[in-house]
Each structure stands twice: as C-alpha cells, then as structure tokens.
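Engineer: Need a 3D model of the sequence below.
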Amino acid sequence: MGEIVAAMASCHAPQLLSRPPDEEPAQLDASIAAMGRLGRLLDETRPDVLLFLGSDHLETFSQTCVPTFAMIAGASARAEFAGRDYDWPIHHGVANYLLEGLVRADFDISYSEDAMLGHTFAVPMEFLLQKRDIPIVPIHTNVYMPPLPSTRRCAAVGRQIARLMESRPERWAVLASGGMSHYPGTERYPQPEFDFDYWMIGQLEDGNIEALLDMTVEQLDATGNTELLTWSMMFGAIGARHGRLLQYTPTWHHGHAMMQFLPEVEKKRTGEWPDNYEFPDTGFEFYVHPPEEAFKLNKLLFEARTRREMRAALIEDFDRVASEWKLTEAERTAARALIDVKNAGTVSDYCAPLVKEGVHPLQALMTLHVIFGDHRRAAAKN
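Structural biologist: Reported below is the predicted structural model:
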C-alpha cells in the first residue's frame, strides 16, 4: 500500500538561479538554504518517487495550447533556465498509472512525452533535489492564463492521486512548487501582498487548509498567489496537516516561502501572524487573458523564451526578425525592449511597453529575464 512519507512547499524564484543585480544576495542565500533543508527531508524519509507539482509560467505551454492540468509522462523530465539544463528521470510506471487512473476518474489530464520545463522545475531541481537519485512525476497546473482551475478542483485532483497511490507499493513524497505573493511583469511587482502571506502562513501552521481552499481564483490573483493552486493540489493529497515554516523571505518583489507538512509536525506558530485578512474585491486584475490582436507578439516572445536561435537572431538583427514577423510599428517599438534590456539594472522595468501592447505580463518578464542572460553572457565573452 502506497504511503506519503513527505510533503512540502517551496518557492521557485528564478532569481535564485539567475541572480540579477537588483537582488539582495543574502536573501537569495537564505531561501536556497531553506530549500536545502527541505531536501534533507527526502534523505530522512527515502521516498521511491516524488510527485512534483509545478505551475507553468508560459515557458512550456503557449497560447497555441494551454492545458489546465498536464502530466509529463516520458522517460525523463528536461528543464532549462538561466543557462542550465536538467534531465531528471521520471517514474514511468507511476506516471502512466496516474495518467490513466485520473482520466478514468473523469479528470481531463493532458500529457506530454517531451515538453521542455521551465524554472518551476529547474530551481527546485538545483537547490532542493540537488543530486538525489529520486525519480519524479511532474504535473503542471495552469495558474497564470485564465480561465484557471479552482482551489477545490486542484484539491480534487490531489485527492484522486492519493486514492490511486493507495494500491501502489511506492513510498512517495509531494512537492508543491510555487508561492508566495508576487506580481511578475505587472505594475504591482514591487509591492507584494506580504500581509496576506503572513495571514496564510499562520492559518497553515494551525492546519486550517480551508483558509486556502475557500479562496476564489480572483482572490488568488488579487493577492499575487495564483501559484498556491499547486499547494491546493498537495492538500488534496495529504489532507489537513499542521505546517512548519522553514523560511519566509520578503524580497522587494516576492515572498519566498518554504514549508514542511509531512513528516508531521506539532501545531506551533513561528511568528506573530495576523488572524484575519480582508480580501480586495477586484476580480481578475493582474493576469487577464491577452487580447486576440496581441497573439502574434505573445507568440514571438514565447519563441524567444524557448529557442536560443530565436534570441540570437533578435540580438544579431532585430529589424530583420521584426520584418519577418510583420510587426506593426507599435509592436516593433514594444519588442525593442528585448534589445534594450541588455542595459538593465532591474529587468522588470522593461516590461511596461510589452504589456501595453497586450503581452501577458509573465510572458514579458520571463522572456526578458532569459534574453537578459544571453546579453550578459555575450558581453562577458567580449
């Protein structure tokens, strides 16, 4: 009979790998150290497989196809970010068993044999999994491109996974990758909703997972926490557990959180967290679906994010690429941010013109971060 031996949640901030100049190194190091502590839980519990719950940042899937839930069910999980590449073994037997079982239970799960994964997976692979010989089963949840699944639907998927694993022999662990508050690519980016994070941490330390599962996706968007949908799936699998906060790092743009839920911990608050939080009533404000007329520009940025040769072409001859893509003058002006970002002190400062032309804010920021890295490596060679 399958047994859940470890459950944890961790941020996956891309800056932990890319270390841009606008970050405080001590804060990055504190988050990395806490991820290392989570990794040691895997040494203590020795799972046979890790269920890796990730979220797509428009790095793996584009507007060509945005699955609500997707499993990577090939021989291995490939991920890349910040010039680093990963090739992690997938537990093929568990992946295919869960995929078939979920579909038979009326959960519409997409799958891919070879999708390239982004920093949601790459960062924990680097700092949490490190070189541990534990096969994974990667599952994507759409958390940034509305319509999003509800917290309850995510929990239902996790609950069904746990039911299916009961008939398997493996000892397994669960990692929810994501969180906490941040608004990447938007005007709100420098103002995370730390008050929400502090409230939610207290609720989860108390074992009150309903505080999360009662939230609407609009409230998650308003608080910069749509990535907590992966936590919802984890709680569906493990049920209500008292959480232990290992580290919370409030950076200038992101609340990094690392928490342990299994092995079980005693109920204990690690801070003077507030008992109440008043939600804004704004509807989707930060991550709306891009307008139809911006599809071409979003597609260009996705191609630049995922293909080194596209980034090289843009850097070498921007005007030629802009002409080949038949960009309008306004689109061309906005896309120049991909070149101008080479001089960035703060990469996110270059998002605004792209977002104004209808680029998804996260698509803008992630592409800018990747091409900024290319600019920086090219300058170092020269």
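Engineer: Show the low-confidence segments of this structure, by residue range.
Structural biologist: 382 (pLDDT under 70).
Engineer: any idea how it splits into domains?
Structural biologist: Residue ranges of the domains in the chain are recorded as 3-262, 292-381, according to automatic domain parsing.
Engineer: Point out the most buried one among the ones you listed.
Structural biologist: Among the domains of the chain, ranked by average contacts under mean count of other CB atoms under 10 Å, first place goes to domain 3-262 (a mean of 20). Just so you know, the C-beta spots here come from the backbone N, C-alpha and C atoms, and that holds for glycine as well.
Engineer: Pull up the distance across that domain, start to finish.
Structural biologist: Domain 3-262 has an end-to-end distance of 11 Å (CA to CA, to the nearest Å).
Engineer: same question, stretch 311-324
Structural biologist: Terminal residues of stretch 311-324 are spaced 14 Å apart (CA to CA).
Engineer: now do stretch 60-75
Structural biologist: End-to-end span of stretch 60-75 (CA to CA): 17 Å.
Engineer: what about the strands in this protein?
Structural biologist: Using DSSP state E, the strands of the chain run over 3-10, 49-56, 69-72, 76-81, 84-89, 110-112, 116-117, 136-142, 171-177, 244-250, 255-262.
Engineer: can you put the ones you listed in CSV and add distance to P184?
Structural biologist: Formatted as CSV, those follow (distance: least, CB to CB, whole Å):
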stretch, distance to P184
strand 3-10, 17
strand 49-56, 12
strand 69-72, 21
strand 76-81, 14
strand 84-89, 20
strand 110-112, 24
strand 116-117, 18
strand 136-142, 16
strand 171-177, 15
strand 244-250, 16
strand 255-262, 12
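Engineer: Tell me which of those strands lies nearest to N208.
Structural biologist: Of all these, strand 255-262 sits nearest to N208, with 12.7 Å by CB to CB.
Engineer: what's the closest of the strands of the chain to W325?
Structural biologist: With CB to CB, the closest approach to W325 among the strands of the chain belongs to strand 116-117: 21.8 Å.
Engineer: List the contacts of that closest one.
Structural biologist: Strand 116-117 is contacted by residues G54, E59, T60, I72, A77, R78, A79, E80, P138, T306 when judged by CB atoms under 8 Å, 6 or more residues apart in numbering.
Engineer: Let me have the residues you listed in CSV, adding distance to K326 as columns.
Structural biologist: Formatted as CSV, those follow (distance: CB to CB, whole Å):
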residue, distance to K326
G54, 34
E59, 25
T60, 26
I72, 34
A77, 36
R78, 32
A79, 32
E80, 29
P138, 36
T306, 21
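Engineer: Tell me which of the strands of the chain approaches N343 most closely.
Structural biologist: Evaluated over those, closeness to N343 peaks at strand 76-81, with 22.1 Å, by CB to CB.
Engineer: between the closest one and strand 136-142, how many degrees?
Structural biologist: Relative orientation of strand 76-81 versus strand 136-142 (axes from the mean of the first three to the mean of the last three CA atoms, to 10 degrees): 60 degrees.
Engineer: Strand partners (parallel or antiparallel) of strand 76-81?
Structural biologist: strand 84-89 (antiparallel), strand 116-117 (parallel) (DSSP bridges).
Engineer: okay, those in a markdown table with distance to L28 next?
Structural biologist: Formatted as a markdown table, the strands paired with strand 76-81 follow (distance: least, CB to CB, whole Å):
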| stretch | distance to L28 |
| --- | --- |
| strand 84-89 | 15 |
| strand 116-117 | 21 |
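Engineer: From P250, how far off is D197?
Structural biologist: Distance of D197 to P250, computed by CB to CB, to the nearest Å: 8 Å.
Engineer: leaving aside the residues next to it on the chain, what's closest to K356?
Structural biologist: Computed as CB to CB, 6 or more residues apart in numbering, the closest residue to K356 that is not its neighbour in sequence is A334, at 6.7 Å.
Engineer: An error on my part: the question was meant for H360.
Structural biologist: With sequence-adjacent residues excluded and distances taken as CB to CB, 6+ apart, H360 is closest to P290, at 5.1 Å.
Engineer: cool, F302 as well?
Structural biologist: In space, and not counting its chain neighbours, F302 is closest to S62: 4.2 Å by CB to CB, 6+ apart.
Engineer: follow-up on the earlier one: out of the strands of the chain, which comes closest to L16?
Structural biologist: When those are compared by CB to CB, strand 255-262 sits nearest L16, at 8.4 Å.
Engineer: name the helices or strands packed onto that closest one?
Structural biologist: strand 3-10, helix 25-45, helix 194-205, helix 228-238, strand 244-250 (3 or more CB pairs under 8 Å, 6 or more residues apart in numbering; DSSP states H and E).
Engineer: want to throw those into TSV with distance to T68?
Structural biologist: Formatted as TSV, these follow (distance: least, CB to CB, whole Å):
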stretch	distance to T68
strand 3-10	21
helix 25-45	27
helix 194-205	23
helix 228-238	10
strand 244-250	29
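Engineer: Nearest to L314 among those would be which one?
Structural biologist: From the helices and strands packed on strand 255-262, taking CB to CB, the stretch that ends up closest is helix 25-45, at 28.3 Å.
Engineer: chain center to that closest one: distance?
Structural biologist: Distance of helix 25-45 from its chain centroid, counting by CA atoms, centre = their mean, to the nearest Å, is 17 Å.
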